[in-house]
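Peer 1: Can you look at this prediction? I've put the sequence above it.
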Number of protein chains: 2
Amino acid sequence: MNVRAGIIVTGTEVLSGQIADQNGPWVAERLLELGVNVAHVTICGDRPDDMLAQLEFVAGQGVDLIVTTGGLGPTADDLTVAIVAEYCDRPLQPDADLAGTITDIIRGWGRYPSDEDLPDSIQAAIAKQALVPDGADPISPTGTAPGVAVPATGTLPTVLILPGPPRELQAMWPDALNKPAVAEILERGDDVVHETIRAFGLPEPDLAQTLRQAAQDLPGYDLLEITTCMRGGELEIDTRLPRSAVRHYAALKSLLLQEHSDRIYSPDGATVDELVADSLAGRTIATAESCTGGMIAARLTDRPGSSAYTLGGIVSYANEVKTGVLGVPTELIDELGAVSEPVAAAMADGARTVTGADVAVSTSGIAGPGGGVPGKPVGTVCFGVAIAGRPTATVTRRFPGDRALVRTLATNYALHLVRESLTADDSADG
Amino acid sequence: MNVRAGIIVTGTEVLSGQIADQNGPWVAERLLELGVNVAHVTICGDRPDDMLAQLEFVAGQGVDLIVTTGGLGPTADDLTVAIVAEYCDRPLQPDADLAGTITDIIRGWGRYPSDEDLPDSIQAAIAKQALVPDGADPISPTGTAPGVAVPATGTLPTVLILPGPPRELQAMWPDALNKPAVAEILERGDDVVHETIRAFGLPEPDLAQTLRQAAQDLPGYDLLEITTCMRGGELEIDTRLPRSAVRHYAALKSLLLQEHSDRIYSPDGATVDELVADSLAGRTIATAESCTGGMIAARLTDRPGSSAYTLGGIVSYANEVKTGVLGVPTELIDELGAVSEPVAAAMADGARTVTGADVAVSTSGIAGPGGGVPGKPVGTVCFGVAIAGRPTATVTRRFPGDRALVRTLATNYALHLVRESLTADDSADG
């Protein structure tokens, strides 16, 4: 890719690790989609010297565009616009129109009587947020913090200044792309294709072996920028390529499917969440969760429109709820323990019965840190899948990691189990 | 703080925004706890030139320690050790002991018959991962990727190389801190205190006003490094200070409590999740969730030991589950709609009835993007709180943002509602 960009994320709360940055990843993805190569992301706190050093570093890496996020708020530690102004030698000027826009937004909250002056704290905030570097182009706020597009200055690249709250930044993005200083750069971006293949249960070294083979055997392999990422039991193989190289990507995809057909569940990037929804094919689903505590239901209902197939579920964390609500026989729990396949099966059956769903999935396991017993160590999870007209299936897995990881892995596994069961059953039908 | 560090996060999947980095924040928090000032975090892809540029930049910022994460895997795009070796001019050497350790770990998986040679792909991975820069100290792997502590070389700082999978990195951290090259730096770290105050519903400009006042009036204010962070409706006020400045922090805390006593719910950093658990004081809790789809139950069961008070809950996404499982009268839904306070009340009551819990909280709302109607726009959520021996309370709120944000804000709000209801009721009792 010819056009390079850097992203500077500001905020002591991000630098110090209190919160995970959402803006760097979001902006990077958008820029890559636009054919712009993101070369560097840097994170700095609210210290002016450190931010200046990062501006100099990123500008020195031959980028055409720097996007900054954060540091536009009303508090004294929000310094981004002032520092960029200093760096580009463009003095700050008050922008009366912008001050009016921010004032209108704040009046629109309805918190301050319309016949009274705004409080001093608010007026000070507006005055600070309506300062713009000389010759730069303000971007209207969606919260109260405006963005700024600062055109290239001498040898310095264009700087696009955006606010820290992800929702505000994302809402302002389309407007920011249309500012002449930014649009001019994007016009030079490549026509890039982004392809994803997803596998479940495929070990990374096995994939690495196949990719080494591809590097040797496939012409045009060098044109493909391949990234592999293991997460929650899933292996994601992402490739970015110039549109002219699609036939080389097709050859790679064939090789991967040939070598790992049993592990690749999504050759075209669809997520397991999407495939579960598809494989239901009009059937409804419910959950019966113990150790995952609602996480599967939350995943199912995360998708817009999921009410078309998700009826709901029971979080039966306590055994009384397993017996009382789901109708799991008390004797079964007394005899075999709650973490057992017969109990998982009874939970899934119970979820179908009480909700009326066609399909139900259940979990009963030991997320830890306590609760492990001989033969059932921490990480052991029993799953059940009940599908109308079929015998209820069960399986037990042991997951590594701490409580949060066991719960996440179990949630992912449950979704894959549903997808596989529905697909297998449907082909058995056919 | 006297000792400064930089963190270099590697991985095209992080740089390109496909996954959010967990390691930078985690390492930054640990270093700050150790009294080490994190000045810069940078993220680079798998391009050697970009990583070299970042090493040079961070080393040039006067840091004593650079921590790198990622890029230690078996695939060809994992280059960190080789690049650091080149940068520090310490040629890579095979480490036979390390190769043996990694081999033992892989044999321990039980996937490869013990009487056969390991496959070529695995042997190649081991050979690559057992290369160590000359004079550096390997850190035993917990996955298969070892870390390396590379002592300061001439004017270059110490470099601590750690793997990308967060669980592996975190498990190796204690061992890494004990490597002489790292321990020597940490001995010079400050004795730093970290304090947190949490508020709910406190606007940032109001806090900014109080902090401006504090900066004017309170001696020693400059010694306090204050970061404010708004997230999910919560405002977190974090302060790091040298231990000698605790009395100045006490003065700031008094001022904040005096100005915002109605909004500060946690002067000592306890999270709402912890306070909910405390305020239950032996009572049990259950949920009845519609638009939050299991997220409240998942939050409640996120805490180790939550089975002591969380019985479970019903995700009543479909109206049939609201009526069939929770016993919400059909007429109520027909007449007022599912998103109404009487239905939220009936859901909370139903959750108590079917689970036997002392306390229940419910949500029924419109998370969007579709489903809004006149008078009930997207973002409208009705809540119910049922507590044994009290009338069931309800409230309606409208949240901003997209589906994910509405669900997150509603989940947070529900937890605060439970905490406030239990605290208020308990004081009414007294």
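Peer 2: Now that the structure is in, tell me what you want to look at.
Peer 1: Report the buried residues of stretch A:258-276.
Peer 2: For stretch A:258-276, burial by neighbour count (16 or more other CB atoms under 10 Å in any protein chain shown) applies to A:259, A:260, A:263, A:264, A:265, A:266, A:267, A:271, A:272, A:273, A:275, A:276. Where you see a C-beta, it was placed from the backbone N, CA and C, and this is true even at glycine.
Peer 1: Which ones among these map onto helices?
Peer 2: A:259, A:260, A:272, A:273, A:275, A:276 (DSSP state H).
Peer 1: picking that back up, which of the buried residues of stretch A:258-276 come close to chain B?
Peer 2: By CB under 8 Å from any CB of the partner chain, no member of the buried residues of stretch A:258-276 lies near chain B.
Peer 1: Now the residues you listed in a markdown table, please, with extra columns for pLDDT.
Peer 2: Output for the buried residues of stretch A:258-276, formatted as a markdown table (pLDDT from 0 to 100):
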| residue | pLDDT |
| --- | --- |
| A:259 | 96 |
| A:260 | 96 |
| A:263 | 95 |
| A:264 | 97 |
| A:265 | 97 |
| A:266 | 97 |
| A:267 | 96 |
| A:271 | 96 |
| A:272 | 97 |
| A:273 | 96 |
| A:275 | 97 |
| A:276 | 97 |
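Peer 1: Closest one to chain B out of the residues you listed, please.
Peer 2: residue A:259 (11.3 Å; CB to the nearest CB).
Peer 1: For the stretch 151-300 of chain A, what lies in contact range of chain B?
Peer 2: A:165, A:167, A:204-209, A:211-212, A:215, A:225-231, A:236, A:238, A:240, A:284, A:286-287, A:289, A:292-298, A:300.
Peer 1: Show me how to select, in PyMOL, the buried members of those.
Peer 2: Of those, the buried ones go into a single PyMOL selection, burial set by 16+ other CB under 10 Å:
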select buried, chain A and resi 165+167+204+205+206+207+208+209+211+212+225+226+227+228+229+230+236+238+240+284+286+287+289+292+293+294+295+296+297+298+300
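Peer 1: Show me the residues of the stretch 151-300 of chain A next to chain B that map onto helices.
Peer 2: Reading helices off these with DSSP H, I get A:167, A:204-209, A:211-212, A:215, A:295-298, A:300.
Peer 1: Could you list the domains of chain A?
Peer 2: A:3-186, A:192-269, A:273-429 (automatic domain parsing).
Peer 1: Now distance to residue B:33 too, for the ones you listed, in a markdown table please.
Peer 2: Output for these, formatted as a markdown table (distance: least, CB to CB, whole Å):
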| stretch | distance to residue B:33 |
| --- | --- |
| domain A:3-186 | 10 |
| domain A:192-269 | 27 |
| domain A:273-429 | 19 |
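Peer 1: Just tell me which of these ends up closest to residue B:153.
Peer 2: Closest of the domains of chain A to residue B:153 is domain A:3-186, at 21.3 Å (criterion: CB to CB).
Peer 1: The helix or strand encompassing residue A:97 and chain B, any residue contact?
Peer 2: Element membership of residue A:97, judged by DSSP states H and E, is helix A:96-108. No: interface with chain B: helix A:96-108 contributes nothing (CB under 8 Å from any CB), its closest point being 9.0 Å away.
Peer 1: That helix: what's the following helix or strand?
Peer 2: For helix A:96-108, the succeeding helix or strand toward the C-terminus, using DSSP H and E, is helix A:120-129.
Peer 1: Which residues does that next one contact?
Peer 2: Residues from elsewhere that reach helix A:120-129 (CB atoms under 8 Å, 6 or more residues apart in numbering or on different chains): A:72-74, A:78, A:94, A:98-99, A:102-103, A:106, A:112, A:117-118, A:141, A:144-146, B:205-206, B:208-209, B:212.
Peer 1: for stretch A:91-98, same thing?
Peer 2: By CB under 8 Å, 6+ apart, stretch A:91-98 touches A:81-82, A:85, A:127, A:129-134, A:138, A:140, A:146.
Peer 1: Relative to the centre of chain A, find the outermost residue for me.
Peer 2: The C-alpha centroid of chain A is most remote from residue A:115, which lies 44.4 Å away (CA atoms, centre = their mean).
Peer 1: do you know how far that one is from chain B?
Peer 2: According to CB to the nearest CB, to the nearest Å, residue A:115 and chain B sit 21 Å apart.
Peer 1: quick one: contacts for whichever residue of the stretch 301-430 of chain A sits closest to chain B?
Peer 2: Of all residues in the stretch 301-430 of chain A, the one sitting closest to chain B is residue A:301 (3.0 Å; CB to the nearest CB). By CB under 8 Å, 6+ apart, the contact set of residue A:301 is A:307, A:310, B:293, B:294, B:315, B:317.
Peer 1: I'd say the last one and residue B:290 touch.
Peer 2: What that stands for is residue B:317. Yes: using CB atoms under 8 Å, residue B:317 is in contact with residue B:290, at 5.9 Å.
Peer 1: what about those two, which has more around it?
Peer 2: For the pair residue B:317 and residue B:290, the greater number of neighbours falls to residue B:290 (31 against 27), based on other CB atoms under 10 Å in any protein chain shown.
Peer 1: okay, now the residue lying closest to that one once chain neighbours are set aside: neighbour count?
Peer 2: Leaving aside its chain neighbours, residue B:290 sits nearest to residue B:364 (4.3 Å; criterion: CB to CB, 6 or more residues apart in numbering or on different chains). Neighbour count for residue B:364, taken as other CB under 10 Å: 33.
Peer 1: part of a helix, is residue B:364?
Peer 2: No: the assignment for residue B:364, made by DSSP: H, G, I helix; E, B strand; the rest coil, is strand rather than a helix.
Peer 1: Can you name the residues bridging to it?
Peer 2: residue B:382 (DSSP bridges).
Peer 1: Just confirm it contacts residue B:339, I think it does.
Peer 2: Yes: using CB under 8 Å, residue B:364 is in contact with residue B:339, at 5.2 Å.
Peer 1: which residues do the two both contact?
Peer 2: B:381, B:382.
Peer 1: ok, the host helix or strand of residue A:314: who's next to it in the sheet?
Peer 2: Taking DSSP H and E as the criterion, residue A:314 maps to strand A:310-316. Strand pairing for strand A:310-316, determined by DSSP bridges: strand A:285-289 (parallel), strand B:310-316 (antiparallel).
Peer 1: Just the CA coordinates for that strand, please, in CSV.
Peer 2: C-alpha atoms of strand A:310-316 as CSV (Å, rounded to 0.1, in the frame of the first residue of the first chain):
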residue,chain,number,x,y,z
THR,A,310,-33.7,-16.5,20.5
LEU,A,311,-36.5,-17.1,23.0
GLY,A,312,-34.3,-16.7,26.1
GLY,A,313,-32.9,-19.0,28.7
ILE,A,314,-32.5,-20.0,32.3
VAL,A,315,-29.4,-19.1,34.2
SER,A,316,-29.5,-22.0,36.7
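Peer 1: what's whichever helix or strand comes after it packed up against?
Peer 2: Next in sequence after strand A:310-316, counting helices and strands by DSSP H and E, comes helix A:319-324. Packed against helix A:319-324 by the contact rule (3 or more CB pairs under 8 Å, 6 or more residues apart in numbering or on different chains; DSSP states H and E) you find strand A:310-316, helix A:330-336, helix A:341-355, strand B:310-316, helix B:341-355.
Peer 1: Residue B:173 is nearest to which of the ones you listed?
Peer 2: Using CB to CB, those put strand B:310-316 closest to residue B:173, at 30.9 Å.
Peer 1: I am finished for the moment; much appreciated.
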